[in-house]
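> Just a sequence and a predicted model for now, questions to come.
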Amino acid sequence: MPNDAIAPRIKRLLVEKLHLEGLTPESIDDDMPLFGDGLGLDSVDALELVVALEKEFALRIQSHEVGREAFASVAALAAYVEGRLATVSDAHAGS
Amino acid sequence: MSRAVVATGIGTIGAHGAGRERLAEALAAGRPLAMEIDRSGGWHSPAGSRYAALAPVLDLTPWLPSAQARRLGRPSRFALVAARMAIEDAGIPALDGLRVAVVLATSFGAVAFTEKLVEQILIEGPEAAQPFYFSECVANAAAAQVAIGIKATGANVTLTQREAGPVLALARGAREVAEGRADVAIVGATDEMTPLLHGLLDRFHATARAEDGRDEAARPFDGGRNGFLAGEGASAIVLEAEEAARRRGARPLARVGRTASGFDPTATASDWGHGGASLGRRLAAMLDGQAPLESIDRIVSGASGSRRGDRLEAATLRAAWSGRSLPPVVTPKAVIGEYGGGILAAGALAASGARFGFPTAWMAPDPEMTISPHDGSPLDAPRRVLLTGLAAGGAAAWAVLERI
Amino acid sequence: MPGADPGPLPTDIVITGLGAVTPFGWGVGPLWEGLRRGATAIGPFSRFDASRHRTHLAAEVPERPSPDRLGPRVSLADRLAVASAREALGHADLDLRRCPERAGVFFGSSNGGMLESERFLEAALRDGRRRARTSAIVSQQLNGPGDAVARALRVEGPVETVSSACTSGAMAIGGALRALRRGEIDVALAGGADSLCQITYAGFNALRSVDEAACRPFRADRAGLSLGEGAAVLVLETGAAARARGARPIAVLAGEASACDAHHMTAPAPDGAGAAEAIRMALADAGRTADDVDFVNAHGTGTPLNDAAEAAALHAVFGPRTGSIPVTSTKALIGHLLGSAGAIEALATVLCLVRRELHPMPAAGTLDPAIGLDLVIASPRPLRRSRCALSTNLAFGGSNAALVFTSAGRA
């Protein structure tokens, strides 16, 4: 799945699941920091996002992966998800 | 230490809308604030209750900007809005440097999020449980959000004692101030009503329903009463030390007088018992001496229209007044329903002289109890108001509010 | 209340009875046995099917040895509460029937009858909403366990349930202390009860707060809490009432306090400021100083944030002496009992105070040099001095509570 299809889905999850009223998915920059300065999300938002990502992309995300570099920005998240999905499809291809 | 405590501000949100003026208007009009509740979920009995006192959709942004409301469940939103309204009403410019306690009561907590979470877990699986819902599901979420929202670092207490909760919260918060552990206490209650919860209350025959040719309505003390009007919302009162309040030029609404609580062990888990005689003795003991019976000239009764709850309330009052006639009794829950702490705001309004209209749904007294709500005619402002709250399950609480 | 004539108010509030149902078994005896051994009661459980949850361990109360007389429409939390209360009253050798209006019940619960409600909803989803029997959820509310105790013992005085998450039990005990001190009652049953339930288990897992292994409070590799269930009740009386009836106090409940972080819904204030304030105020309330404290029963959940914040609070209060005050966490053995945690930990604190030995935590993980506490691990620590103990709780939502216990018969 091409990376640029994932980023818009992540942005939609951010707005819908985190109830970021007044923001549209398009207005979120790919490289904007999600936590701290930027979108200003906190630890509970991160966990909410994890549940949303797990549902959306049929993944299981380990606790230690949450909040690290993978979650720094939409671009980083999209790359992380793409990498995980590639592993899954590789595994299927191999079986 | 035991210093005098006064109420200096009221914040309230519910079926009456937002603010004490809306509540005062509704109480003066006497009409039940009932609207149809969604019964399509299939939880209700077919011939059961159709109405609840639901909070209308309101713009709460003057007190709660969207960014702050983002993750809050309705009970937390109601509570934080009510708290901020009350602080505004009290005219306290800033809480910095003050030790502020928060004592809130809730009967059911964050019902909607709890329902969603349980459904997620049971239908989709535990991995679908959303952190947002869980963090707001704890009963103390509202009190915690109030503390965060107004920066209150004193005691943070959530009482879960159903219909006795609001009066217990008033008493507990007043003690925090009286005994010097807090400069200010925000006391109140918050609840939300959902179709599922309403349906279950209906199934338990707790809520009023159309029956025997009578329309559905909550009729406290009425002979044909068959349940209460389920409500939602939040009310908050600001309590301060009287001396500090006067020093800053505040105009207190009422002084908090005697408070007491007790228990009727003849109750069952979801109903009221028949221990009116012993509860009455307890109430009489509270009114002995400092706030004698004769000085109580208004009763703001927690009677809600429940068959057994109102009977117990009547028995308790009769026992406490032992044969003497009762002062005028008003029954705000006929208008605003049960839950959400409106009874506290109504009590504070009563103590400051507000008018209570005759409940429009009233038909006739119960011959067993012969208590009728006040007929709505103008009354002198009361010297002392007795506020009552008897809970299903057995808890009972009373408080006196004194006019200043 | 303001202006009310106080009369001679009680100055000492004593503990005369203890009762508990915990993952170590029904009764204080099995609890102490397990605590002393530093055994863990955290393991696979069957309260509900945990196979699809992120983690699979908890500390579960074992099957009740003999049936109670409470009937079917009672929640598990109610049963645990009533059993604990009966044991405590029996221990105190106290008959409440003589003066029921001078007795009160102060309880804490986070879940009430939630377990039973979940089963009801499950049945409703499966069999249809109209057919699900509402008798299953008669005692659903959080005030269920406390009310059940009050009804079972026919109490007529004040009955209050506090639901402030992890501080509920401690705040209930604190509320009882206040009511006794102001002369409103002569005896209080103070405690808490909670059963495991799916919403809490899934919820804490959704917050990634639960350790896959048994929790390891204050260790370097701590990874979260373990959940548990249980109940505990303390019988509290005014010293005068106890002496009048010839009862021997077990210990003294000397002080209590609570304070709020007002910081964040799920994370404690990192500097533990609210907890430190609660501790200081409780010590002041007890007429004691930090130097008097002989040991601490910490909240110690095993989450990275709680333990760090709590350690910071203890350092703020005790200063350079902190590293030489023995500290334990009961949660290391029986998990986090939520609404009853404060009560069970208070009870454990009293047991340690009286027996002059601090129960250990199981050996696990490595010490965290940043914590800087004298943790009791593997074997019980005999206490050279056992006169004053502190029990702390830091709650979800930012509430903090502290209780101070002192030994009976000493100034």
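Noted; the coordinates are in hand.

> Would you mind naming what in chain A lies close to chain C?
A:42-44, A:47, A:50-51, A:63, A:66 (C-beta under 8 Å from any C-beta of the partner chain). Placement of C-beta: from N, CA and C, glycine included.

> Which of these ranks first by neighbour count?
Taking other C-beta atoms under 10 Å in any protein chain shown as the neighbour criterion, A:Leu47 ranks highest of those with 24 neighbours.

> Kindly confirm my reading that that one is in a helix.
Yes: with DSSP: H, G, I helix; E, B strand; the rest coil as the criterion, A:Leu47 is assigned to a helix.

> Tell me the spatial nearest neighbour of it, not counting adjacent residues.
Distances taken as C-beta to C-beta, 6 or more residues apart in numbering or on different chains put B:Pro131 closest to A:Leu47, at 4.2 Å, once the chain neighbours are dropped.

> My read is that the one you found contacts C:Leu207, right?
Yes: between B:Pro131 and C:Leu207 there is a contact at 5.2 Å, judged by C-beta atoms under 8 Å.

> Please enumerate the shared neighbours of those two.
Taking C-beta atoms under 8 Å, 6 or more residues apart in numbering or on different chains as the criterion, B:Pro131 and C:Leu207 both touch A:44, A:47.

> Please identify which of the two sits among more neighbours.
Neighbour count, other C-beta under 10 Å: between B:Pro131 and C:Leu207, B:Pro131 has more, with 25 against 21.

> which element is the residue of chain C found nearest chain A on?
Per C-beta to the nearest C-beta, the residue of chain C with the smallest distance to chain A is C:Arg208, at 4.5 Å. Using DSSP states H and E, C:Arg208 maps to neither a helix nor a strand.

> surely it meets A:His64?
No: counting by C-beta under 8 Å, C:Arg208 does not reach A:His64; the two are 9.4 Å apart.

> okay, the two: which has more neighbours?
A count of neighbours by other C-beta under 10 Å puts C:Arg208 above the other of C:Arg208 and A:His64, at 22 against 9.

> Can you tell me how far that one is from chain B?
Going from C:Arg208 to chain B by C-beta to the nearest C-beta, to the nearest Å gives 8 Å.

> One more: C:Gly43?
19 Å.

> With A:Ala7 instead?
With C-beta to the nearest C-beta as the criterion, A:Ala7 and chain B are 23 Å apart.

> ok so that residue is a helix residue?
Yes: counting by three-state DSSP, A:Ala7 falls inside a helix.

> Name the nearest residue to it, sequence neighbours excluded.
Here the residue nearest A:Ala7, using C-beta to C-beta, 6+ apart, is A:Ala78, at 4.3 Å.

> who touches that neighbour in this structure?
Per C-beta under 8 Å, 6+ apart, neighbours of A:Ala78: A:3, A:6-7, A:10, A:30.

> can you give me the helices in the stretch 251-400 of chain C?
For the stretch 251-400 of chain C, helices defined by DSSP state H, counting those that start in this stretch occupy the ranges C:273-285, C:304-318, C:331-334, C:341-355.

> Redo those as TSV? Include mean pLDDT and mean neighbour count.
TSV is the format used below for these (pLDDT from 0 to 100; neighbours: other C-beta atoms under 10 Å in any protein chain shown):
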stretch	mean pLDDT	mean neighbour count
helix C:273-285	96	24
helix C:304-318	97	23
helix C:331-334	98	29
helix C:341-355	98	27
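
> Could you dump the ones you listed into JSON lines with distance to C:Ser168 added?
Below are those laid out as JSON lines (distance: least, C-beta to C-beta, whole Å):
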{"stretch": "helix C:273-285", "distance to C:Ser168": "14"}
{"stretch": "helix C:304-318", "distance to C:Ser168": "16"}
{"stretch": "helix C:331-334", "distance to C:Ser168": "15"}
{"stretch": "helix C:341-355", "distance to C:Ser168": "6"}
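
> would CSV of those helices with distance to chain B be doable?
Formatted as CSV, the helices of the stretch 251-400 of chain C follow (distance: least, C-beta to the nearest C-beta, whole Å):
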stretch, distance to chain B
helix C:273-285, 7
helix C:304-318, 14
helix C:331-334, 18
helix C:341-355, 13
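
> so which of those comes closest to B:Glu115?
Nearest to B:Glu115, of all the helices of the stretch 251-400 of chain C, is helix C:341-355, at 25.9 Å by C-beta to C-beta.

> Distance of B:Ala396 relative to C:Ala20?
29 Å (C-beta to C-beta, to the nearest Å).

> Indicate the residue of the stretch 51-200 of chain B located nearest to chain A.
Closest point on the stretch 51-200 of chain B to chain A, by C-beta to the nearest C-beta, is B:Pro131, at 4.2 Å.

> ok, that residue to C:Leu305 distance?
As judged by C-beta to C-beta, B:Pro131 and C:Leu305 stand 15 Å apart.

> What parts of the stretch 301-404 of chain B come near chain C?
B:391, B:393-395.

> Please report the number of neighbouring residues for residue 92.
Let's take chain A. For A:His92, using other C-beta under 10 Å, the count is 8.

> sorry, should have said chain B
Other residues close to B:Ile92 by other C-beta under 10 Å number 19.

> ditto for A:Ile28
Neighbours of A:Ile28 (other C-beta under 10 Å): 22.

> Tell me the pLDDT of it.
Looking at A:Ile28, its pLDDT reads 93.
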